[in-house]
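Engineer: give me coordinates for this.
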Amino acid sequence: MTMNDPVSERIVDNKHEQSLLARVANEDRDALGSLFRIYHPRLFKFVFRLTRSFSIADELVNDIMLVVWQKARSFRGESKVSTWIFGIAYRQTMRRVSKKKIALAPFADAEDIAAENGVNLEQEDWIRHGLHALPEVHQLTVVLVFYLGLSYEETAEVTDCPVNTVKTRMFHARKKLKKLLEESAVPNAYSDED
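Structural biologist: Below you'll find the predicted structure:
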């Protein structure tokens, strides 16, 4: 494996994050600041998609990092640091919104999507509408796997469900999304073109 290999880069990143977390466990505030800078953007997007609130997402990211500070000694290294932190994020968010209906928030601004991914904005909007039509557990699974890049095993750990449940959710999400997208791609029978 070369250092340009994504797998190698993830291993190096995880080792660095494990080192930072070990320092956090020893109450090193600079290490916590480094973890905060690494995770803030991803955590914010994840929490915002669930809460649809900038202020709640911002507050929750701070709460999540406080839990990381308090629980760093409990990290046993059985998972990647990112999986552990997203597990905390998921549980903290579920606690906060347990009395509300959870819905995924809209994707980033159109300019951000174009800049980050070079994606056709019309296509992204089309996919977003299909995604929002899925049941919430399927939406969450798709976001964790496709948009945050977690494996099925990591997604199962974050959501505290069996790996086979994650696989089943992804299977059904793909199937439903394919059907929804195919249906929405059919030209409108009532178009003005006659």
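
Engineer: so where's the protein shaky on pLDDT?
Structural biologist: Across the chain, the ranges flagged by pLDDT under 70 are 1-12, 98-126, 128, 185-194.

Engineer: could you pull out the strands for it?
Structural biologist: Assigned by DSSP state E, the strands in the chain number zero.

Engineer: domains for it, by residue range?
Structural biologist: The chain breaks down by automatic domain parsing into domains covering 1-105, 106-186.

Engineer: and the ones you listed as CSV, adding mean neighbour count?
Structural biologist: All C-beta spots, glycine's among them, are computed from the backbone N, C-alpha and C. Below are those laid out as CSV (neighbours: other Cβ atoms under 10 Å):
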stretch, mean neighbour count
domain 1-105, 16
domain 106-186, 15
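
Engineer: roughly how far does the closest residue to residue 138 other than its chain neighbours sit from residue 148?
Structural biologist: Of all residues not flanking residue 138 in the chain, residue 173 sits nearest, at 3.8 Å (Cβ to Cβ, 6 or more residues apart in numbering). Using Cβ to Cβ, to the nearest Å, we find residue 173 at a distance of 15 Å from residue 148.

Engineer: then residue 97?
Structural biologist: Taken as Cβ to Cβ, the span from residue 97 to residue 148 is 18 Å.

Engineer: same deal with residue 155?
Structural biologist: Taking Cβ to Cβ, one finds residue 155 at 9 Å from residue 148.
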